[in-house]
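Q: Here is a sequence with its predicted model. Questions after.
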Amino acid sequence: PENFSGVHRHEFLKRVMAGEGALSLLTYEHANNMPVTEATAKLLLESSTTQFEHELSKSHPREIQKKIEKALRTAQRGIEDAMEKHSTKIKKLREQNGFILFWEDIVGNPARALLVFDEWQYMKRLKVTTAMDRISGLPSGESARALDGWFRTQYLLSAGGKAGGLTGTPVSNTLAEVHNNMRFFQPERLRMSNIQRFDDWAATFTVPQTGIEMDAVGEFRPVARLRFTNLDELVGLLAECWDFVENAPEIQRPDILGGEPQVVEVPGSPELIEYVEELAERADAVRARMVDPSEDNMLKITSDGRRAAMWNGNPMEVFPVSSADRFTKLDACAEKVWQLYGEHHDDRAVQLVFLDIGTPKLVGESATPQERDMAMGLYGALRKRLAFKGMLERQIVFIHEATSDEERSALFEKVNSGEVRVIVGSTDK
């Protein structure tokens, strides 16, 4: 990391270009300083519309033709937005660093280059353009990290280079991630098989099925989703570049306590039931298009529902101070952590708590005690509940508090010695 601070950044990149090292290790943040040129980005993006243009040249019923035309317009708007963001990124890098080195400059001869992504699951969220209607579970947006990685990969592969990714979760949220896997590492196979367009791929390896599901506000509705078909053929295509690695025999994983995950149920409060009814009314208004999407939408309703489940009531209110005010999921968590703390006290066992809502935020030195409590969010509320039960506050740490390699090493030493008994952190951290 010190090589990318200030004046060292330019020197480090020059050494990479000169081929001084056989291998260069970079974080995504560091690699982000080396974008592809605007010409490369535009060429790669525009290639994605040719599949729709080719499809439009065929004879289709009018209704299908209209859907393909709409998908093409969506793809074209997506290209314009992506190019605008990419150009802005390049401009900012020039202003911040006073210079810019493009990915093409760093790579040199792409035919001799190899790019490997660690934690590749963060690259799966590419934009999916489709003419299909009313299919749930398809990604509607894309991440800047995924698009940036796709640019780099396609530039190398198109010139004879190689690319790979390491991950334990190649598919986690949607079947479209399998197609995105192939877009990254098997673009030529997609073209040869005439399934480069997502709809063609989906027509080959998936079928839409309708089932009854509970929505974000607790109501049951028919939902259409894609399910796999022709799975043997799909696995055969993926096996051309996928390597499946079994668990290493030297790694001993402990068994799950009780043999399976344990669900701790918390009864819904009257306040929660009342708030869920409000969410249902908001959802009906969104479906009927009675409200502008900028004011309210299903994503916002789902997010409010998650927070309401944690609050066990209206999430717009201050989080309940104690279980005497309202028993919440956080109270149930504190009880379970305290129970295990006592049962394994002699072993000085350590517990990991994953909490993705209400993560702590940094505040200035002039912040008031109340502002500091608010900044600690649900993490601070959990720490207070455990301290009230009898744990020492210094035994409860947040992974967010260790911001450097040195601080993380010091934290892990305290964990190994039993000085720290509970670590709270988000899934990403």
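A: Cool, the structure landed.
Q: longest helix of the chain?
A: helix 62-97 (DSSP state H).
Q: SS state for the residue lying closest to M132 once chain neighbours are set aside?
A: Nearest non-adjacent residue to M132, counting by C-beta to C-beta, 6 or more residues apart in numbering: D199, 6.3 Å away. Glycine gets a C-beta too; all of them are placed from N, C-alpha and C. Classification of D199 by DSSP: H, G, I helix; E, B strand; the rest coil places it in helix.
Q: Y341 too?
A: Secondary structure assignment for Y341 (three-state DSSP): helix.
Q: thought it was touching I396?
A: No - assessed by C-beta atoms under 8 Å, Y341 is found out of contact with I396, at 10.0 Å.
Q: so what sits against both of those two?
A: Here Y341 and I396 have 386, 421-422 as joint contacts, going by C-beta atoms under 8 Å, 6 or more residues apart in numbering.
Q: What about those, which are in strands?
A: V422 (DSSP state E).
Q: quick one: which of the shared contacts of Y341 and I396 is nearest to A22?
A: V422 (42.8 Å; C-beta to C-beta).
Q: For the closest one, give the beta-bridge partners.
A: Under DSSP bridges, the beta-bridge partners of V422 are Q351, I396.
Q: show me what contacts it?
A: 337, 341, 350-351, 353, 386, 391, 395-397 are the contacts of V422 under C-beta under 8 Å, 6+ apart.
Q: now Y28
A: 122, 145.
Q: can you count the residues close to V397?
A: If you count neighbours by other C-beta atoms under 10 Å, V397 ends up with 21.
Q: Model confidence for S59, exactly?
A: At S59, the predicted lDDT confidence score is 67.
Q: Looking at the shared contacts of Y341 and I396, spot the one nearest I100.
A: So of the shared contacts of Y341 and I396, ranked by how close each gets to I100 (C-beta to C-beta), first place is V422, at 44.9 Å.
Q: Against I396, how distant is the closest one?
A: Using C-beta to C-beta, to the nearest Å, V422 is found at 5 Å from I396.
Q: and if you look at Q96?
A: Counting by C-beta to C-beta, the gap from Q96 to I396 is 38 Å.
Q: of the two, who's got more company?
A: Neighbour totals were compared for Q96 and I396, and I396 leads with 23 against 10 (other C-beta under 10 Å).
Q: Could you report the pLDDT at the more buried one?
A: pLDDT at I396 comes out at 93.
Q: Is it correct that it is in contact with A387?
A: Yes - the pair I396 / A387 is scored as a contact, 7.2 Å apart, by C-beta under 8 Å.
Q: Roughly how far does V266 sit from A332?
A: Per C-beta to C-beta, V266 is found 5 Å from A332.
Q: do the same with V207
A: Computed as C-beta to C-beta, the V207 to A332 distance reads 40 Å.
Q: go on, R152?
A: 45 Å.
Q: likewise V318?
A: Distance, V318 to A332, using C-beta to C-beta: 19 Å.
Q: Show me where the stretch 151-300 of the chain has its strands.
A: Per DSSP state E, counting those that start in this stretch, the stretch 151-300 of the chain carries strands over the ranges 162-166, 206-214, 220-228.
Q: quick one: buried residues of the second one?
A: With burial defined by 16 or more other C-beta atoms under 10 Å, the residues of strand 206-214 counted as buried are T206.
Q: Kindly point out the strands partnered with it and how each is oriented relative to it.
A: Strand 206-214 pairs in its sheet with strand 220-228 (antiparallel), by DSSP bridges.
Q: Select the helix or strand of the chain having the lowest average pLDDT value.
A: helix 50-56 (a mean of 66; mean pLDDT, DSSP states H and E).
Q: which other residues reach the helix or strand where V116 lies?
A: In the assignment (DSSP states H and E), V116 maps to strand 114-118. Residues external to strand 114-118 that are found in contact with it (C-beta under 8 Å, 6+ apart): 123, 149, 152-153, 156, 161-166.
Q: what pairs with that strand, and is each one parallel or antiparallel?
A: Strand pairing for strand 114-118, using DSSP bridges, gives strand 162-166 (parallel).
Q: one step back: touching both of V422 and I396, which residues are there?
A: Both V422 and I396 are contacted by L386, under the criterion C-beta under 8 Å, 6+ apart.
Q: tell me, what residue is most central in this protein?
A: When C-alpha atoms, centre = their mean is applied to the chain, the residue found nearest the centroid is Y122 (5.8 Å).
Q: How about that one: what's its closest non-neighbour residue?
A: Spatial nearest neighbour of Y122, excluding adjacent residues (C-beta to C-beta, 6+ apart): R145 at 5.7 Å.
Q: Go through the host helix or strand of that neighbour and flag the buried ones.
A: Using DSSP H and E, R145 falls within helix 144-158. Within helix 144-158, the residues scored as buried using 16+ other C-beta under 10 Å are 145-157.
Q: can you list the shared contacts of Y341 and I396 in JSON lines and add distance to A71 and pLDDT?
A: What follows is the shared contacts of Y341 and I396, written out as JSON lines (distance: C-beta to C-beta, whole Å; pLDDT from 0 to 100):
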{"residue": "L386", "distance to A71": "52", "pLDDT": "94"}
{"residue": "R421", "distance to A71": "54", "pLDDT": "94"}
{"residue": "V422", "distance to A71": "50", "pLDDT": "94"}
